[in-house]
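In: structure for the following, please:
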Amino acid sequence: MRAVQFVNWVILLASASVAIVSGVVALMLAVHSDLGARIGAEIGPVLQRTVLVALPAVIAALAIDGIRRRRPWRWPLEVVLLVVSILVTLAAAPA
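Out: Modelled structure (predicted):
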């Protein structure tokens with residue numbers, strides 16, 4: 001159980017930190033969008049990446065809570081977290 005919690009915390013912290021950094025980049029692009037059309041065009045993809053990376057953080061936080069409180073849905077949520085983490089990793093990887 002400790003190993004599962006450790007992995008959940010790693011996924012939560014890694015995903016949240018990347019999502020926060022991506023959010024700050026999106027904010028900087030929005031502030032400086034008047035400097036050029038290309039900068040303004042980059043806001044959409046950066047926001048999509050931010051939401052995509054934040055998804056595992058939200059699921060990991062729910063999984064941590066589920067394990068701590070021994071909820072009946074904790075193990076199915078762990079499977080969902082594993083699948084979402086793999087899919088996000090594949091989607092975020094450069095082509």
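
In: quick one: distance of stretch 9-29 to the chain centre.
Out: 7 Å (Cα atoms, centre = their mean, to the nearest Å).

In: and it, what's buried?
Out: I11, L12, S15, A16, V18, A19, S22, G23, V25, A26, L29 (16 or more other Cβ atoms under 10 Å). In short, each C-beta sits where N, CA and C put it, glycine included.

In: look at the closest residue in space to the first one that isn't next to it in sequence and tell me its secondary structure.
Out: Think I11. Counting by Cβ to Cβ, 6 or more residues apart in numbering, I11 lies nearest to A60, which is 4.4 Å off, once chain neighbours are set aside. When classified by DSSP: H, G, I helix; E, B strand; the rest coil, A60 comes out as helix.

In: contacting residues around A60?
Out: N8, W9, I11, L12, S15, L81 (Cβ atoms under 8 Å, 6 or more residues apart in numbering).
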